[in-house]
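In: Can you look at this prediction? I've put the sequence above it.
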Amino acid sequence: GGGVSEGAARSSSRPCAHARSLGPGWLGPLGDVDFLRRMERLAETSTRLARDRRSSAFASSSGVRVNPKPNPNPGAHEPLAEGVHPRTLKLIRRLIEEARGPPLFRNASRYTGAGVDPPPMDAVVDALRDAGYARSSRTHFDAAGVRTDAPPEEIRRIVSEVAARRVGERWRRTSEREGSPGE
């Protein structure tokens, strides 16, 4: 009869021929920003108090009043006595940023060409925000993951531009170190 063919019925139930089931999925907020902010404040306070205690203990044990020496490498992952590890605070901050983002994330390395290293994710997120996708953020699920409401074509364009800039910067630094030809 005049019914819909099996192939047409199958294709109409899926928006794309390559679509697969991903369920179950969570579409609600990933975190409670107020709770995460309280965690951040407690972590900062705990770390500051531990640092102050360590400094005063050192000063009193030596009998000399000293100002604590600033860490020459503030990004270093050194655990703090009774404080919070820097990576923990970094995770809390990423969770705060991520909680306000769109529900899904994309792996940005899938948008680079073959043989091209993915660019730094912070640079990709900054470029997405500059392009008008203000809710873009990194995700804690995947080191190359980016939460954004930008369409895939826009992500590909932006990742390519950031990667090309990075390659250009590397080339410029290398040629400056080695001296450009003809000098």
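Out: Ah, there it is. All values derive from a computational prediction rather than experimental measurement. Residues are numbered from 1 along each chain as shown.

In: what's the single longest helix in the protein?
Out: Ordering each helix of the chain by length in residues (DSSP state H) puts helix 33-62 first.

In: Which neighbouring elements make contact with it?
Out: helix 86-99 (3 or more Cβ pairs under 8 Å, 6 or more residues apart in numbering; DSSP states H and E). Every C-beta, even on glycine, is put in place using the N, C-alpha and C of the backbone.

In: what's the spacing between R41 and L89?
Out: Separation of R41 from L89 (Cβ to Cβ, to the nearest Å): 11 Å.

In: no, scratch that, I was asking about I158
Out: Plainly put, I158 is 28 Å away from L89 if you go by Cβ to Cβ.

In: got it, and G115?
Out: G115 is 36 Å from L89, by Cβ to Cβ.

In: Among those two, which residue is more densely surrounded?
Out: L89 (18 against 5; other Cβ atoms under 10 Å).

In: By mean pLDDT, flag the weakest helix or strand of this protein.
Out: Least confident element among the helices and strands of the chain, by mean pLDDT, DSSP states H and E: helix 6-13 (a mean of 46).
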